[in-house]
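Chemist: Build me a model from this:
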Amino acid sequence: MTIQDRIKTRVKRSKRSVFLRSDFKDITDYDQVGRGLRSLVREGVLMKIGYGLYARARVNRITGKLMPDNAAGADGVLIEAMERLDVDYKFDDLSNMNFSGQSTQIPASVKIVPTDPRFTRKITVGKQRVNEAR
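Modeler: Numbers count the residues shown, from 1 in each chain. Below you'll find the model as predicted:
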């Protein structure tokens, strides 16, 4: 079994949809993990969402384009990525009002804002992204 096959098997069997590069450090060294992940991105098994961050991907039946393989969509992937990185975050005001029941309006997309102003990492899933801290 090749390194790429071992990484692919771990991705397919995992309950997670977001993976860090360090999740595969027990398989082989840093450089070979990077090559394996790059080849899985080319195959369409994974999509790169940030530096050292990957999300499991699948092909959309309607558009034929890659999309994150998560029941909550891009918002769920961004939330899971922030939790995997152990970064505190908050939602924008409109989303908070909807979650608390103060408003029945559903936002088109949930805006995730890190609470630490030093967090500058770019995490992007399609057109969804983590906004800079305020």
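Chemist: which outside residues touch the worst-scoring helix or strand of the chain on mean pLDDT?
Modeler: In the chain, no helix or strand scores lower on mean pLDDT, DSSP states H and E than strand 128-129, which sits at a mean of 86. Contact with strand 128-129 is made by 74, 75, 78, 109, 122, 123, as judged by CB atoms under 8 Å, 6 or more residues apart in numbering. In this view, the C-beta of every residue, glycine as well, is placed from N, C-alpha and C.
Chemist: how distant is that strand from the center of its chain?
Modeler: The chain centre lies 10 Å from the centre of strand 128-129; the measure is CA atoms, centre = their mean, to the nearest Å.
Chemist: in its sheet, what does that strand sit against?
Modeler: strand 124-125 (antiparallel) (DSSP bridges).
Chemist: And the longest helix seen in the chain, what does it pack against?
Modeler: When the chain is parsed with DSSP state H, its longest helix is helix 30-43. Packing partners of helix 30-43 (3 or more CB pairs under 8 Å, 6 or more residues apart in numbering; DSSP states H and E): helix 3-13, strand 46-50, strand 53-59.
Chemist: What spatial separation is found between residue 87 and residue 22?
Modeler: Distance of residue 87 to residue 22, computed by CB to CB, to the nearest Å: 15 Å.
Chemist: If you could redo that for residue 74, that was the one I meant.
Modeler: Taking CB to CB, one finds residue 74 at 23 Å from residue 22.
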